[in-house]
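Student: my questions concern the predicted model and sequence given below.
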Amino acid sequence: MFKMDVENQVALDIECYPNYLLIMFKKITTSEIVYFEKHNDSEINCANINFILRSYTSVTFNGLKYDKTILEATLAGFSNKRIH
């Protein structure tokens, strides 16, 4: 039987506007939340985002068609307007 390791899962949600970006992770088992904001093209902590992405399995609603693309653009240093 297939067993999922929920201890190693985080829910991922992203909101994107021309002047604001929010990337939020919520640990499934504890409901701990970590979020990263980018206001008007300010810097965002890519190192910490990458750490979470490498350390946990992300569970998303629209991961392949939206979240993955937004994450890649964010980590590549694109502006909020360009990401939007």
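Tutor: Done, it's in.
Student: please report phi then psi for residue 76.
Tutor: phi -80, psi -10 (degrees, to the nearest 10).
Student: next one: it from residue 33, what distance?
Tutor: Applying Cβ to Cβ, to the nearest Å, the value for residue 76 to residue 33 is 25 Å. From N, CA and C alone the C-beta is placed, and that goes for glycine too.
Student: also residue 45?
Tutor: Distance, residue 45 to residue 33, by Cβ to Cβ: 15 Å.
Student: how many other residues sit next to residue 14?
Tutor: 21 (other Cβ atoms under 10 Å).
Student: ok, it - contacts?
Tutor: Residues counted as contacts of residue 14 (Cβ atoms under 8 Å, 6 or more residues apart in numbering) are 21-24, 66-67, 70-71.
Student: okay if I get those residues as TSV plus distance to residue 8?
Tutor: Shown next, in TSV, are the contacts of residue 14 (distance: Cβ to Cβ, whole Å):
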residue	distance to residue 8
21	26
22	23
23	19
24	18
66	23
67	18
70	22
71	18
